[in-house]
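> please find the sequence and the predicted model below.
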Amino acid sequence: MAQGSAWPAIRPNPPRVDLLPREVHEGRMLRRQRAGLGAALLVLLALLGLLYVLGTNQLRAARRDADRAEAVAAGLRAQKVALQPYADLQTQVDAASQLRTRVYAKEVRVSQVMRDVAAIVPDTVWLTQMNVAFSGVTGTAAGGTATPPATTGTSGGSATMATPGSPGAGSPVATITFTGSALGLVEVGQFMRALAAGPTKGGQRVYTNPYFTSSQKTSGTTTVTFSATVDLSSAAYSSRFQRSG
């Protein structure tokens, strides 16, 4: 620095001398530590009190929620007891519905068969008797006696497969036997063809395997008496009370 400058010279700090006894100094430090620990303890106690208050409030709210839930559950239990008779009735209705479905699973309505035949038979043919045999259960319609179910023939005591187009072919559910009169054999043939072209259900023919079995012309008359059969396929089932699919 140039001589004659007005800046004062920088002097170092003078040394400081602690003349207090060591015991006094240690006592002050101990008091400071105790004060710090007391403040920390007070802060910790305040935090613990705050947590306790928050926990208590949450516990009370949870208890209120539990009481409300219990009240709702008790109300629902009471409603369940009151509605139990209706549930039992619904169970009985469902059981009856299932029973009805099983009972009507293989129902063939003879009244529908009679309507079909009445629409099919030509004006030159008169039916005098119609017997129906249902898959092992005998039945009679339009007079006459019941006939046993038709068989496909036996070979060595066991059933044999029927020739396609012959009576019993295609596992029919029933067989109808007709007896009647016609002006001639041509009219009987027309009746057989009308049965073969009869109604269908679900793309399946209801009447299958029409078969002319016998005919006879009485002397002195112009008509012939005949007998014939036709099978009913599973399409003949009424499907009443059956669930779709």
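Perfect, I can see it now.

> where's Thr208 relative to Ala169, distance?
Thr208 is 8 Å from Ala169, where distance means Cβ to Cβ, to the nearest Å. (C-beta placed from N, C-alpha, C; glycine too.)

> can you check Ala62 too?
Using Cβ to Cβ, we find Ala62 at a distance of 77 Å from Ala169.

> all strands for this protein, in order.
All strands of the chain, identified by DSSP state E, fall at 125-134, 137-141, 154-155, 158-159, 174-182, 200-201, 204-205, 207-217, 224-232.

> quick one: which of those strands is nearest Arg243?
Counting by Cβ to Cβ, Arg243 lies closest to strand 200-201 out of the strands of the chain; the figure is 17.3 Å.

> can you pull the contacts of the closest residue in space to Glu187 that isn't next to it in sequence?
Leaving aside its sequence neighbours, Glu187 sits nearest to Thr124 (Cβ to Cβ, 6 or more residues apart in numbering; 4.2 Å). Thr124 sits next to Ala182, Leu183, Gly184, Glu187, Gln190 when contact means Cβ atoms under 8 Å, 6 or more residues apart in numbering.

> can you redo those as TSV with pLDDT, distance to Pro199 and neighbour count?
Converted to TSV, these look like this (pLDDT from 0 to 100; distance: Cβ to Cβ, whole Å; neighbours: other Cβ atoms under 10 Å):
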residue	pLDDT	distance to Pro199	neighbour count
Ala182	93	22	22
Leu183	91	25	15
Gly184	90	26	15
Glu187	92	21	19
Gln190	93	17	16
